[in-house]
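Colleague: okay, predicted coordinates and the sequence, questions at the end:
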Amino acid sequence: MIEVNALSKQFGSFTAVDDISFTMQPGEVFGLLGPNGAGKSTTIGCISGLIPPSSGQIAISGHDLIRGPRAAKARLGIVPQELAIYEDISVVQNLRYWGAAYGLRGAKLAERVADVLEVIGLVDRGWDKPKDFSGGMKRRLNFGCGIVQEPDVLLLDEPTVGVDPQSRERLFDMVRAQIVRGASVLYTTHHMEEAESLCDRIAIVDKGRKIAEGTLAQLRAQVGERDIITLTGAFGPDLALNDVLPEGVAILQADVDRLTLETEDGPARLARLLDALSKAGAEVRETVVRRPNLESLFLKLTGAELRA
Ligand SMILES: Nc1ncnc2c1ncn2[C@@H]1O[C@H](COP(=O)(O)OP(=O)(O)OP(=O)(O)O)[C@@H](O)[C@H]1O
C-alpha cells in the first residue's frame, strides 16, 4: 500500500532523512520509532506530498507520488503532529471542511461526519468549538479530520502528544478500528511502549537513518537475552575498563561520565560489577539495568537513550 524506496531529504547541507526504504501492507500498523529529530516528521511530510524529497521514490496504493500526485494523495489521510483543526468553528464544521476537501458531498459527507463523530466520541459536542476542549479531545478531533474520507493509508505523526491516558487508549482503539476496515497506518512515536503495544512491524530510526526493522519479536531477538546496564558517574580516562570489568560483561559505549554495558543476567552480576569499578577508582552515581526491549535495542545500536 505504501512503498518508500531510498528516500532522502536534505535541508541545505543537513540530511534529515537518509536513504530510508520500507513497505507497508493493508491492515497493518507500521511504526516509525525514534527520538526527537530522527526524521520521522520529515518522512511523513514527504509521503504526504508536503515536503519534496531530495531523492527516492514513494508509491501509495500503486500510484507514484511524483508522477501521479493527485491519485496518490487522494488515498491518504493525514493526522499531523501540529493540530490541523480550526478552533473557532464547531467539530461538525471541521469534519465537513476536511471531508469536502477530499471531494465528499451531500448525503455521503453527512453520513461520514456522523460516523466519525461516533468514532472519536464527540457526538454530544458536535456543535461546540474546539477552543475550549482538553488536549485529548482536540487530538481526537485532529484524528477524525484525517479519517473522514476513509483513506487507504493513514499517516499519524505522534498522535498522543499532550493526551491524557484515557484519551490515549481511545486513540489506540481508533487506530485499531482503521486496521479492521483494511487501511494501513504509519504511526510515528518516540514512546517504545506505544510501538510495542500497537505496531505490527517497526522501523527504528535515528539521525535520519533506519537502523533496524522487523516485528517486535524479531527486534527483541536482535537484543538477544542479554541485559543492558547503564552506569552514570565518573569513569576517568585512566580506567582500564577491559581489565576491570568482570567476565561476561561487554562494553557497548564508554564515556567519561557514562558506561553502557551488555551482559547476561544483569541483576545477578551487578554487585560484582560495582565492586570491581569501585576498586578501580571509578565513581558510580546511578545504575539502570534494562531487560531486553526496544529501548535496549536502541541503546545497543546507538549508545544513546531513545528519549534523549
Ligand atoms: N524545514 C527545515 N529546515 C531545516 N531543518 C529541518 C527542517 N525540518 C526539519 N529539520 C531538521 O531535520 C531533523 C529531523 O526533523 P523531524 O521533525 O523530521 O524529526 P522527528 O523525528 O519528527 O522529531 P520530532 O518528533 O521532534 O518532530 C531535525 O534535526 C530538524 O531540526
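Modeller: Right, received. Where do you want to start?
Colleague: ends of stretch 121-131, how far apart?
Modeller: 17 Å (C-alpha to C-alpha, to the nearest Å).
Colleague: and it, average pLDDT?
Modeller: For stretch 121-131, the mean pLDDT works out to 96.
Colleague: same check, this time on stretch 173-187
Modeller: Rounded mean pLDDT across stretch 173-187 is 93.
Colleague: mind listing what's buried in it?
Modeller: Across stretch 173-187, burial judged by 16 or more other C-beta atoms under 10 Å covers 174, 175, 178, 179, 183, 184, 185, 186, 187. Heads up, the C-betas are built off the backbone N, CA and C, glycines and all.
Colleague: likewise stretch 75-88?
Modeller: So, applying 16+ other C-beta under 10 Å, buried residues of stretch 75-88: 75, 76, 77, 78, 79, 80, 83, 85, 86.
Colleague: strands along this structure, start to end?
Modeller: 2-11, 14-24, 29-33, 55-60, 63-64, 76-79, 153-157, 184-189, 201-206, 209-214, 227-234, 250-255, 258-263, 283-290 (DSSP state E).
Colleague: would you turn those into a markdown table with distance to residue 164?
Modeller: Putting these into a markdown table (distance: least, C-beta to C-beta, whole Å) gives the following:
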| stretch | distance to residue 164 |
| --- | --- |
| strand 2-11 | 31 |
| strand 14-24 | 29 |
| strand 29-33 | 22 |
| strand 55-60 | 33 |
| strand 63-64 | 38 |
| strand 76-79 | 18 |
| strand 153-157 | 18 |
| strand 184-189 | 17 |
| strand 201-206 | 25 |
| strand 209-214 | 31 |
| strand 227-234 | 30 |
| strand 250-255 | 36 |
| strand 258-263 | 33 |
| strand 283-290 | 27 |
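Colleague: residues from the chain in reach of the ligand?
Modeller: 11, 14, 16, 34, 36, 37, 38, 39, 40, 41, 42, 158 (C-beta under 6 Å from any ligand atom).
Colleague: list the contacts for the fourth one?
Modeller: Okay, so that is residue 34. Residue 34 makes contacts with 40, 188, 190, 204, 205, 206, 306, as judged by C-beta atoms under 8 Å, 6 or more residues apart in numbering.
Colleague: repeat that for 10 Å
Modeller: 40, 43, 188-190, 195, 203-211, 298, 302, 306 (C-beta atoms under 10 Å, 6 or more residues apart in numbering).
Colleague: ok, back up a step: quick one: which of the buried residues of stretch 75-88 is nearest to the ligand?
Modeller: residue 80 (10.4 Å; C-beta to the nearest ligand atom).
Colleague: how much space between the closest residue in space to that closest one that isn't next to it in sequence and residue 139?
Modeller: Nearest non-adjacent residue to residue 80, counting by C-beta to C-beta, 6 or more residues apart in numbering: residue 157, 5.4 Å away. From residue 157 over to residue 139 the distance is 11 Å, taken as C-beta to C-beta, to the nearest Å.
Colleague: between the two, tell me which one has more neighbours.
Modeller: Remark: of residue 157 and residue 139, residue 139 carries more neighbours, 26 against 21, as counted by other C-beta atoms under 10 Å.
Colleague: surely the more buried one meets residue 82?
Modeller: No - Residue 139 lies out of contact with residue 82 (C-beta atoms under 10 Å); the separation is 11.5 Å.
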